[in-house]
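*Asks:* Provided below for reference: sequence and predicted model.
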Amino acid sequence: MSQRAILCPRCRKIIGSEESHCSWCGTSRSNPFWALIGLAGNNWVTGSILTVNILFFGLSLLLSTKVDPSSGFLSPGRNSLLLLGASGTVPIDHFGRYWTLVSANYLHGGILHLLFNLMALRQLAAWVVNEYGSSRMFVIYTLGGVAGYLVSYFAGVSFTVGASAALCSLIGALLFYGKSRGGSHGRMVYREIGGWALSISIFGLIFPGINNWAHGGGVLAGIALGALLGYNEKRGQRTIDHLLALICVLLTIGILVWAVFGARI
């Protein structure tokens, strides 16, 4: 099984899929330091996103015991997901829940859905933080997720949840970075992230129930946001980037708190 490109936990540079050691600092892929990557490799913004996703999965399971007693093991019921902020034409058109364009990014339909997205998030978010900074990463994640679900809504998807729309926006931002930067590093990023994009596309075509509209919308939004916001090698993060991130944080917190109280957990 081929290995993926990863961030070196010591110097935070990318180790290509074909490399056994970091070409920047020499750290080996088999170094025991990798055992700490789950704790030390992510910054607090990424850790916060991971934590909120896990908490909302737990809340959706708890609510399922009240409103969806027949739901499967570690799989929230449809009604509980609707109450907590699932998106799509049903929640938006029938209930006027436009805010679900944000909340749906923090809900998942099952434990495998959650674990797959969290593993991808830990890797992709770290890449984007490395190239764009924490504030711009969260702006891309939030607005890209909203854009992905907006495309999904206009495409007529009736009911949908998952962090993959936001994750695909991170893929789009990295695709833009790799293409724009160029050079050996840029080409490596573009090649590796292109592999992610291709894998997700194939996965979406093979398995039923995958929201490909949200994935595609997220990628396109990520490309656009990456171009608009710029990356570290073009300019450092500015006050406007931190302000945009703060607005996204407050908006997300407000909507998620509204969803919890509205569901009466």
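*Replies:* Thanks, I have the structure now.
*Asks:* show me the contacts for G236.
*Replies:* By CB atoms under 8 Å, 6 or more residues apart in numbering, the contact set of G236 is G133. For every residue, glycine as well, the C-beta is placed using N, CA and C.
*Asks:* and it, that one's in a strand?
*Replies:* No. With DSSP: H, G, I helix; E, B strand; the rest coil as the criterion, G236 is coil rather than part of a strand.
*Asks:* Need the per-residue pLDDT for it.
*Replies:* Note on G236: pLDDT of 90.
*Asks:* any idea how far it lies from Y177?
*Replies:* Separation of G236 from Y177 (CB to CB, to the nearest Å) stands at 15 Å.
*Asks:* Could you do F154 as well?
*Replies:* Taken as CB to CB, the span from F154 to Y177 is 28 Å.
*Asks:* Give me the more crowded residue out of these two.
*Replies:* Relative neighbour count places Y177 above the other of F154 and Y177, with 28 against 11, counting by other CB atoms under 10 Å.
*Asks:* tell me the contacts of that one?
*Replies:* Applying CB under 8 Å, 6+ apart, the residues near Y177 are 131-132, 186, 189, 226, 231.
*Asks:* Same check on I255?
*Replies:* I255 touches 85, 99, 102-103, counting by CB under 8 Å, 6+ apart.
*Asks:* Skipping adjacent residues, who's closest to the residue nearest the centre of the chain in space?
*Replies:* Geometric centre of the chain, nearest residue: L167, 2.8 Å, by CA atoms, centre = their mean. Of all residues not flanking L167 in the chain, A120 sits nearest, at 5.4 Å (CB to CB, 6 or more residues apart in numbering).
*Asks:* shaky segments in this structure?
*Replies:* Residues of the chain meeting the criterion pLDDT under 70: 1-14, 17, 24-42, 70, 264-265.
*Asks:* so what are the domain limits for it?
*Replies:* 1-39, 42-263 (automatic domain parsing).
*Asks:* G156: which element?
*Replies:* Per DSSP states H and E: G156 is located in neither a helix nor a strand.
*Asks:* Okay, it and H94: tell me how far apart.
*Replies:* Here the criterion is CB to CB. By it, G156 lies 14 Å from H94.
*Asks:* Beta-bridge partners for the closest residue to N211 other than its chain neighbours, please?
*Replies:* Of all residues not flanking N211 in the chain, T160 sits nearest, at 4.9 Å (CB to CB, 6+ apart). Beta-bridge partners recorded for T160 (DSSP bridges): S87.
*Asks:* Correct me if wrong: T160 contacts G148.
*Replies:* No. Judged on CB atoms under 8 Å, T160 makes no contact with G148 at a distance of 9.6 Å.
*Asks:* out of those two, which sits in the busier spot?
*Replies:* G148 (34 against 27).
*Asks:* distance of that one from L124?
*Replies:* From G148 to L124 the distance is 14 Å (CB to CB).
*Asks:* What of G145?
*Replies:* On the measure of CB to CB, G145 and L124 end up 13 Å apart.
*Asks:* Look at these two and report which has more neighbours.
*Replies:* More crowded of G145 and L124, by other CB under 10 Å: G145, with 32 against 23.
*Asks:* From I193, how far out is that one?
*Replies:* From G145 to I193 the distance is 18 Å (CB to CB).
*Asks:* Next: L220.
*Replies:* 14 Å.
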